[in-house]
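A.B. asks: below are the sequence and a predicted model for it; my questions follow.
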Amino acid sequence: MTAALDNELLALCQPHLDFLESHWIPGKGIAAVSDLTLTDGDTTAMIYDVLLQFGRTVDMAGVMYYAQDDHFRCFGLEANPSISTNIHVLSALRRTGYGPQTEWVQKILLFLRRTQTLQVFWFDKWHASPYYATAHAVIACAGYDNDLVDDAVYWILATQNEDGSWGYYMPTAEETAYCLQALIIWKRHGGQVPNDALRRGEAWLLDHADPPYPPLWIGKSLYCPILVVRSAVLSALALMQEER
């Protein structure tokens, strides 16, 4: 994605990359917010992926710190693993150059196969919609392990609403954005995606891009991280622009 950014946008990214790099703790990664001392595997994997994508160097040991026997944890003493955390670690490992047959990668791929609902899609403990984890899995596996997510792509396409939107409970901009992201990345890796599905999704998202967004994220209660959702919406629309 960095290749699509011009010099002005890349320059605007640098202070944020500096901030993330400065808060990286060697061997442990990074916390979700700057004043929090508790690091976690999910944030660490995503930040590692981003920093590597922009040519920054941080230690892989920070990601590997969260490895368990058959998955990667989010926190210590975690009662049940996070599917999205493992998907994000998979993306980080792929970014580093690890192939699908690498031991660490196989650990995650086997975990994802065990936790796949109906061998089609994924639910994650941090999000109320299966489109969140499933779309991220498609993005992480497209052109890498297509067999794992081939049925998931079919499910995304089959569950698109007639008006072009997606939503597990009701149509939402957030879920529509995730599905568009996944389908575009799948298409870029040679997958078959009807252009009509993308165009209808984009048209609906353009009409529903602005907040408020419904709360789909799970903490102690349902909530909505508005900037995270907004970034997903803008990302999907930007990807669609690149497709033209």
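C.D. replies: In hand now; what should we look at? Numbers count the residues shown, from 1 in each chain.
A.B. asks: next, count neighbours for Leu110.
C.D. replies: Neighbourhood size, Leu110 [other CB atoms under 10 Å]: 12. Yep, even glycine has a C-beta here, placed from its N, CA and C like the rest.
A.B. asks: do Ala32 as well
C.D. replies: Residues near Ala32, counting by other CB under 10 Å, number 13.
A.B. asks: so the closest residue to it other than its chain neighbours, which state does it fall into?
C.D. replies: Nearest non-adjacent residue to Ala32, counting by CB to CB, 6 or more residues apart in numbering: Thr43, 4.8 Å away. Of the three states, Thr43 takes helix under DSSP: H, G, I helix; E, B strand; the rest coil.
A.B. asks: please enumerate the strands of this structure.
C.D. replies: 217-218, 222-223 (DSSP state E).
A.B. asks: and these: which comes nearest Gly97?
C.D. replies: Closest of the strands of the chain to Gly97 is strand 217-218, at 31.5 Å (criterion: CB to CB).
A.B. asks: other residues contacting that closest one?
C.D. replies: 125-128, 223-225 (CB atoms under 8 Å, 6 or more residues apart in numbering).
A.B. asks: on that earlier part again, thought the residue nearest to Ala32 was touching Lys28?
C.D. replies: No. Thr43 sits out of contact with Lys28 when judged by CB atoms under 8 Å, with a separation of 11.1 Å.
A.B. asks: that older thread, of the contacts of strand 217-218, which is the nearest to Glu162?
C.D. replies: Nearest to Glu162, judged by CB to CB, of the contacts of strand 217-218 is Ala128 at 22.9 Å.
A.B. asks: list the neighbours of the longest helix along the chain that are in contact with it.
C.D. replies: Criterion DSSP state H: the longest helix present in the chain is helix 226-243. Applying CB under 8 Å, 6+ apart, the contact partners of helix 226-243 are 4, 173-174, 176-178, 180-181, 184-185, 187, 198, 202, 205-206, 209, 211, 213.
A.B. asks: change it to 6 Å
C.D. replies: Identification of contacts with helix 226-243 by CB atoms under 6 Å, 6 or more residues apart in numbering yields 173-174, 177, 180-181, 184, 202, 209, 211, 213.
A.B. asks: what's the answer for stretch 138-152, then?
C.D. replies: Under CB under 6 Å, 6+ apart, the answer for stretch 138-152 is 87, 90-91, 94, 100, 109, 120-121, 134, 137, 153, 182, 185-186, 189.
A.B. asks: just give me the neighbour total for Tyr131.
C.D. replies: Tyr131 has 26 nearby residues by other CB under 10 Å.
A.B. asks: gap between it and Pro15?
C.D. replies: 32 Å (CB to CB, to the nearest Å).
A.B. asks: doesn't Tyr132 make contact with Trp122?
C.D. replies: No. The pair Trp122 / Tyr132 is not scored as a contact, 8.6 Å apart, by CB atoms under 6 Å.
A.B. asks: can I get the strands of the chain in CSV with mean neighbour count and distance to Asp70?
C.D. replies: Output for the strands of the chain, formatted as CSV (neighbours: other CB atoms under 10 Å; distance: least, CB to CB, whole Å):
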stretch, mean neighbour count, distance to Asp70
strand 217-218, 16, 23
strand 222-223, 12, 30
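A.B. asks: turn these into JSON lines, including mean pLDDT and distance to Pro81.
C.D. replies: Output for the strands of the chain, formatted as JSON lines (pLDDT from 0 to 100; distance: least, CB to CB, whole Å):
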{"stretch": "strand 217-218", "mean pLDDT": "98", "distance to Pro81": "15"}
{"stretch": "strand 222-223", "mean pLDDT": "98", "distance to Pro81": "21"}
